[in-house]
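Undergrad: Could you work out the structure for the sequence below:
(one chain, ligands or ions: 2)
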Amino acid sequence: MTARIWAVLPAAGRGTRFGGEVPKQYLEAAGKPLIAHALDALLSHARIDGAVVALAADDPRWPGWTTRHGKPLLRCTGGGERADSVLAALHALPSDVGDDALVLVHDAARPNLRAGDLDRLIDAAIAHPDGAILGAPVRDTLKRADAASHIVATEPRSALWRAFTPQAFRRGALSAALERARADGVVVTDEAMAMERMGAHPALVEGREDNLKVTTPADLALAEYLLARGTADG
Ligand SMILES: Nc1ccn([C@@H]2O[C@H](COP(=O)(O)OP(=O)(O)OP(=O)(O)O)[C@@H](O)[C@H]2O)c(=O)n1
Ligand SMILES: C[C@](O)(CO)[C@H](O)COP(=O)(O)O
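TA: Ligands and ions are numbered 1, 2, ... in the order given. You can find the predicted model right below:
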């Protein structure tokens, strides 16, 4: 039997770089909140069984969804760091979702996830024992800056990628990696970093450049444009 596939959405952030009163995952674009776009992209996919959302303890805006696209949608309370929120969500998975289940961790602030990218990521994560993440090779020249934002060096970019989400790993391995990072006092910026610390070499799957994370107001304007175009280009 094919192992279960569940989505985990860290959605407990405060959106400090975005600013404003409303946590950015609840800001609307193309008629619905960013978190709803992310959930719909995941739960409308036939290969994904359900999702767990990690929310801030004082989140006043969670609409209380318990199912979406006919699939279970569970909630838990996130933590101070992204990794704490992801760990909490892993612990909130149903008891019949075993260590061999594939977990796709996706930022609630990335609304423009497309089915084709999901398909290729899932296939890669099933095929590769160390899991897989969506990303894109760096195509711009990279500069290192000093405190005055003056260029001090040009960095080699030939083997550099930008990491996106979802990031897909087996539940047991990811949980152990995140627990180890926490025990070591290391704040990991993504799930792959925790896996790398355990000696894993996850696969990089080139995904769409428009799978953007909404971090600042300018990102929201771009997300609105992209989402309003819909799935016109697949
Ligand atoms: N303690 C945290 C921090 C972040 N996140 C989630 O991780 C995703 C990506 O993080 P980011 O874009 O940095 O969101 P924020 O942490 O809210 O933004 P900021 O760093 O500007 O405060 C978001 O969906 C955010 O809600 C989370 O679940 N728990
Ligand atoms: C997970 C991530 O989206 C991959 O690029 C990124 O690391 C999240 O960083 P943030 O500072 O928590 O937004």
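
Undergrad: shouldn't Val103 be in contact with Gly172?
TA: No - taking contacts as C-beta atoms under 8 Å, Val103 lies outside contact range of Gly172: 9.6 Å. C-beta coordinates here come from the backbone N, C-alpha and C atoms, glycine included.

Undergrad: Those two: who's more crowded?
TA: Val103 (28 against 14; other C-beta atoms under 10 Å).

Undergrad: What residues does that one make contact with?
TA: By C-beta atoms under 8 Å, 6 or more residues apart in numbering, Val103 lies in contact with 5-8, 90, 93, 168-171, 174.

Undergrad: Kindly recompute the last result at 6 Å.
TA: If you count contacts by C-beta atoms under 6 Å, 6 or more residues apart in numbering, Val103 has them with 6, 8, 171, 174.

Undergrad: biggest strand in this protein, by residue count?
TA: strand 161-170 (DSSP state E).

Undergrad: ok now that strand, how far from the chain's centre?
TA: 7 Å (C-alpha atoms, centre = their mean, to the nearest Å).

Undergrad: Same question for stretch 125-132.
TA: With C-alpha atoms, centre = their mean, you get 16 Å for stretch 125-132.

Undergrad: now swap in stretch 103-116 and tell me
TA: The answer for stretch 103-116 is 6 Å, by C-alpha atoms, centre = their mean.

Undergrad: How far does it stretch from one end to the other?
TA: 18 Å (C-alpha to C-alpha, to the nearest Å).

Undergrad: how deep is the spatially closest residue to Arg14 that is not a sequence neighbour tucked in, by neighbour count?
TA: Nearest residue to Arg14 in three dimensions, chain neighbours excluded: Pro23, at 6.4 Å (C-beta to C-beta, 6 or more residues apart in numbering). Around Pro23 there are 24 other residues, counting by other C-beta under 10 Å.

Undergrad: Double-check Pro23 against Gly15; I have them as touching.
TA: Yes - between Pro23 and Gly15 there is a contact at 5.0 Å, judged by C-beta atoms under 6 Å.

Undergrad: among the contacts of Val103, who's most crowded?
TA: Val8 (30 neighbours).

Undergrad: my read: it touches Val52, true?
TA: Yes - in this structure, Val8 is within contact of Val52 by C-beta under 6 Å, at 5.3 Å.

Undergrad: list the residues that contact both of these two?
TA: Common neighbours of Val8 and Val52 (C-beta under 6 Å, 6+ apart) are Ala89.

Undergrad: so which of the contacts of Val103 are also by ligand 2?
TA: Among these, no residue lies close to ligand 2 (C-beta under 6 Å from any ligand atom).

Undergrad: Just the pLDDT at the residue most central in space within the chain, thanks.
TA: By C-alpha atoms, centre = their mean, the chain has its centre lying nearest to His106, at 2.2 Å. As predicted, His106 sits at a pLDDT of 98.
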